[in-house]
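# Please work out how this folds:
(one chain, ligands or ions: 2)
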Amino acid sequence: MNCDECGRKDLNMDEVAYGHDCEVKSTKEYNGWKNHATWNCALFLANDEGIYNGAVAFMADYKGESPYIDFCKESGLDNQKTPDKIKWISEELDYAALNRAMWEFAPETAPCTRCETKVEPDSLTRLLDWNLCSDCVDDL
Ligand SMILES: [Zn+2]
Ligand SMILES: [Zn+2]
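Ligands and ions are numbered 1, 2, ... in the order given. Model (predicted):
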């Protein structure tokens with residue numbers, strides 16, 4: 001049997017009946033988030049008023065590279081769970097996606113990875129792992 005979602009062709013009867021670890025399917029299921037845990041944390045990050053306001057304030061002058069984990073530690077969420085009993089920090093989470101969600105709370109303060117000038121995220125050029133401002137792009 002084949003999986004219509006990811007195209008895997010060698011599914012056994014159990015996998016057909018109970019599902020397999022299908023990343024394509026789960027990404028669709030959780031609104032583009034990698035799994036249920038990541039989706040749940042992102043949900044409360046954006047929709048719990050206290051946490052959301054805290055995240056926006058935290059991002060206003062944040063300069064690091066792991067805003068999600070740093071915010072959880074600073075706000076004491078790192079040992080807690082969401083109201084749906086999902087740990088705010090765990091190996092299951094897609095931190096890259098949660099970091100992107102955090103940067104969206106700071107639209108005017110996304111830093112250029114090279115010179116750390118803060119510019120609007122729209123004007124940053126993405127190059128491998130770098131987000132470059134127009135000055136740094138000109139320097140290349
Ligand atoms: Zn699949
Ligand atoms: Zn720059």
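
# And the pLDDT at the closest residue to Leu11 other than its chain neighbours?
Closest residue to Leu11 apart from its sequence neighbours, by Cβ to Cβ, 6 or more residues apart in numbering: Met1 at 4.5 Å. C-beta here means a position set from N, CA and C on the backbone, and glycine is covered the same way. pLDDT for Met1: 84.

# what does Leu93 give?
Value for Leu93, per-residue pLDDT: 96.

# Return the residues of this structure in contact with ligand 1.
For the chain, the contact set with ligand 1 under Cβ under 5 Å from the ion comprises 3, 5-6, 22.

# redo that, cut-off 6 Å
3, 5-6, 8, 20, 22, 24-25 (Cβ under 6 Å from the ion).

# Now list the buried members of those residues.
3, 20, 22 (16 or more other Cβ atoms under 10 Å).

# so of these, which ones are in strands?
Using DSSP state E, no member of these sits in strands.

# Let me have the residues you listed in TSV, extended by distance to ligand 2.
Listed next are those as TSV, based on distance: Cβ to the ion, whole Å:
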residue	distance to ligand 2
Cys3	43
His20	44
Cys22	40
